[in-house]
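**Student:** fold the following and give me the result.
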Amino acid sequence: MNAYVGTPTSRVDGRAKVTGTAKYAGEFTADGLVHGFVVEATIPRGRIVRLDTSEALKVAGVLDVLTHANRPSLADKDEAWKDEVAPEGSPFRPLYDDLIRFNGQPIALVVAEEWETAKFAATLVLIDYEQDGFATDLEAERGSASEMDKPHRPRGDAKGALAAAALRHEADYLIPTEHHNPMELYATTAVWEGDGKLTVYDKTQGVQNVHKFLCAVFDKKPDDVRVISPFVGGAFGSGLRPQYQVVLATLAALALKRSVRVVLTRRQMYGLGHRPMTIERVALGARPDGTLNAVTHEAVAVTSRYEDFSRNDTGWAEQLYKSPNSHFSHKLVDLDVSTPCDMRAPGAASGVCALECAMDELAVALKLDPIELRLKCYSDRDQSEDLPYTSKQLRECYARGAEAFGWARRTPAPRSMRDGKELVGWGMATGVWEALQMPVAVRIVLTSNGHAEVSCAASDIGTGTYTIVAQVAADALGLPIENISVRLADSALPQAPVEGGSWMAASSAHAVLGAAEDIRQELARLAKAMPDSPLAHLDAANVALVDGMIGRNGAAVSIADVMRHSNIERIEKEKLNQFAEDKSHARNTHSAVFAEVKVDEQLGVIRVTRVVSAVAAGRILNTKTGRSQILGGVVWGIGMALHEETAMDHRFGRIMNANIAEYHIPVNADIHDIDVIFVDEPDDRINRLGIKGLGEIGIVGVPAAIANAVYHATGKRIRRFPITLDKLLD
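**Tutor:** The predicted structure is shown next:
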């Protein structure tokens, strides 16, 4: 009997990736392919008064230089530029006009026979600007913040309860701007198919989102454009929206009537979206026994001047900790930067970091163990909506994580644990994320040779969607996983939303189940109609597909025989799965993160030597790829805590470390022991398989656990991330 779901199954696309046969957006070729190189603005705000391309056009091999002055037609209305996840505002339009909105904005595209030629010619494009006053510093502009109109509704009298609290803690925690640095650079290869038609290979998390976007921007019929993205070398939010290179490549292909490739450089990718810098102000009021009486959380975040981007930084305490009084607000400061974008666990990675650091500080003030404080304040309901959870095994996460980590051996006093010349610190924090589900359609084609092809427009951004879809299909169809092939990320395939928010595993799996069920019913009907069928008297609803057979209780026939006897070569079924709206329960994943740091007492160098992450996320479809997701999230959390920070020179509104030499990220030497524990969490209410997503929860809580461990090691509380040795030694 097949049983792939829940097992540590290796990636079905693994061989293609390690052998190099997997093709990415910038690797597709076409006859007559030419290359584009982007020219960027060097001021943060103003307008172009002169753009001279004459010298660039003299370079042998240069075909054209596209600017706002000579480009083909683009849509005029904001609605055409709004993709399915666009925030409120007026989306950025590359090469649309002479206005400069941020430093690094694309203002011209040099197109040449060779990439190196285009790159050289780009240096010859001369631009004069009229610069306007600008602002890029959140802290300096904090006073101009405006309130978003969608905070959690307040409960009780938080201000009064804080003033009357036996013990209060209030502090600002600063999360810096962070930029995506996926291994794969953003790239688009727009293949000219003739007669105005294009096949666009794009790095994206949503091919149908890009398809609709391009059709709207360029006034194309749906059949004129096809968007394909079979493999993505990292995204985690950076590819949810169409990035500007897809517009430029398409624009050039239409202008030249040739196939065009545009690959951004690492530096140019710092002109794309980013995790916004936020100032998180958390205030906690506690009773003498450690229970909470008041919680307030205010986030002040960066957005661009042209769009209002925000995520749920605040309000997570409503799902974690009981308090009769609460108030939350989210404010935005408009700056002369590109619009921020989603970055792994958007909102939660920043907001929960602040909340969990504040809870640790409260535990210290109350002289309570950090776990004990959290258990005293534990909430079995989402207080914002006063709802129970479909499942919440967070208590078990605390228990399992603490046991694996050895938390009972922790001595509470700061600077009380040592290993030679290094101070040892142990810290912990809670993680929480949403368990989201979206409508997805899947097509399954079963052929008489016992092979099935499963197709869907969903993307696999490296999280393992190919493998999960194959696992679920293999079990549902009763076939070996080797007999399942999966096609994804083609706009011509059945509908799927962008892959984000940790919703794709649950969403696609249930669409597979729906299509497989329709195939089972069709096979059952055909099997019952066979001459002398052993299934003739069985209820079709009770027969199952197992090991290439259809039947029940020993009465079975092979699927191949059923199809041959019926003279059918293939059965094709497509199913759109939509989850019934259920507002009676809250849906979340949870985790408990434990971290050990060792800090050189003289040099201030911090090493994260151990992390234990205990995760409750429903049924785990694939314990191998699932563990990999949590490992990746923990590594990213180490980066948030100790490494990542986009440095801006506010005199020029320019990023100073737009490369991965000076924008620090964790490397192999920074990563030591990471233990992942999946806590059993049956959940028969959230969906048929009891699945919750894993992509985001791995990072949430990790930066706070490390920050709390640093305090325990050194006695110094750092509230401005990342925690670097200069801050420890200051």
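**Student:** pull out the buried positions in stretch 183-195.
**Tutor:** Glu184, Leu185, Tyr186, Ala187, Thr188, Thr189, Ala190, Val191, Trp192 (16 or more other C-beta atoms under 10 Å). Glycine gets a C-beta too; all of them are placed from N, C-alpha and C.
**Student:** quick one, strands of the stretch 451-600 of the chain?
**Tutor:** For the stretch 451-600 of the chain, the strands defined by DSSP state E, counting those that start in this stretch cover 452-456, 484-488, 544-546, 549-552, 555-558, 570-577, 588-600.
**Student:** want to throw those into a markdown table with mean neighbour count, mean pLDDT and distance to Leu728?
**Tutor:** Below are those laid out as a markdown table (neighbours: other C-beta atoms under 10 Å; pLDDT from 0 to 100; distance: least, C-beta to C-beta, whole Å):
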| stretch | mean neighbour count | mean pLDDT | distance to Leu728 |
| --- | --- | --- | --- |
| strand 452-456 | 24 | 98 | 49 |
| strand 484-488 | 21 | 98 | 46 |
| strand 544-546 | 18 | 93 | 60 |
| strand 549-552 | 20 | 90 | 65 |
| strand 555-558 | 18 | 91 | 68 |
| strand 570-577 | 17 | 97 | 51 |
| strand 588-600 | 27 | 98 | 7 |
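**Student:** between those, which one is closest to Val38.
**Tutor:** Nearest of the strands of the stretch 451-600 of the chain to Val38, taken as C-beta to C-beta: strand 484-488 at 28.7 Å.
**Student:** for the closest one, which strands pair with it and how are they oriented?
**Tutor:** strand 452-456 (parallel) (DSSP bridges).
**Student:** any idea of the angle the strand it pairs with forms with strand 570-577?
**Tutor:** 30 degrees (axes from the mean of the first three to the mean of the last three C-alpha atoms, to 10 degrees).
**Student:** out of the buried residues of stretch 183-195, which is nearest to Pro346?
**Tutor:** Tyr186 (18.6 Å).
**Student:** was I right to think the closest one contacts Met269?
**Tutor:** Yes - with contact defined as C-beta atoms under 8 Å, Tyr186 and Met269 form a contacting pair (5.9 Å).
**Student:** find residues that contact each of those two.
**Tutor:** Residues touching both Tyr186 and Met269 (C-beta atoms under 8 Å, 6 or more residues apart in numbering): none.
**Student:** distance to Val424 added to the strands of the stretch 451-600 of the chain, as TSV?
**Tutor:** Formatted as TSV, the strands of the stretch 451-600 of the chain follow (distance: least, C-beta to C-beta, whole Å):
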stretch	distance to Val424
strand 452-456	48
strand 484-488	46
strand 544-546	53
strand 549-552	58
strand 555-558	61
strand 570-577	50
strand 588-600	6
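**Student:** nearest to Thr67, out of these?
**Tutor:** Comparing the strands of the stretch 451-600 of the chain by C-beta to C-beta, strand 484-488 comes nearest, at 36.5 Å.
**Student:** elements contacting whichever strand or helix holds Ser329?
**Tutor:** If you go by DSSP states H and E, Ser329 is part of strand 326-335. Strand 326-335 sits against helix 138-141, strand 146-147, helix 158-164, strand 292-304, helix 317-320, with contacts defined as 3 or more C-beta pairs under 8 Å, 6 or more residues apart in numbering; DSSP states H and E.
**Student:** for Gly285, see how far away Ala166 is.
**Tutor:** 8 Å (C-beta to C-beta, to the nearest Å).
**Student:** which of those two has more neighbours?
**Tutor:** Shown here are Ala166 and Gly285; by other C-beta atoms under 10 Å, Gly285 has more neighbours (25 against 12).
**Student:** in three-state terms, label the more buried one for me.
**Tutor:** strand (DSSP: H, G, I helix; E, B strand; the rest coil).
**Student:** what is the burial count for the residue nearest to it when sequence neighbours are not counted?
**Tutor:** Sequence neighbours aside, Ala165 is the residue nearest to Gly285 in space, at 3.0 Å (criterion: C-beta to C-beta, 6 or more residues apart in numbering). Ala165: 19 surrounding residues under other C-beta under 10 Å.
**Student:** OK, contacts around Ala165?
**Tutor:** Gly285, Ala286, Arg287, Asn293, Ala294.
**Student:** the third one reaches Ala166, doesn't it?
**Tutor:** Yes - with contact taken as C-beta under 8 Å, Arg287 and Ala166 are classed as touching, separated by 5.6 Å.
**Student:** show me what counts as buried in the top helix by length along the chain.
**Tutor:** Secondary structure of the chain per DSSP state H: the longest helix is helix 504-528. Neighbour-count burial for helix 504-528, counted by 16+ other C-beta under 10 Å, picks out 504-516, 518-520, 522-524, 526-528.
**Student:** before I go, just wanted to say thanks for your time.
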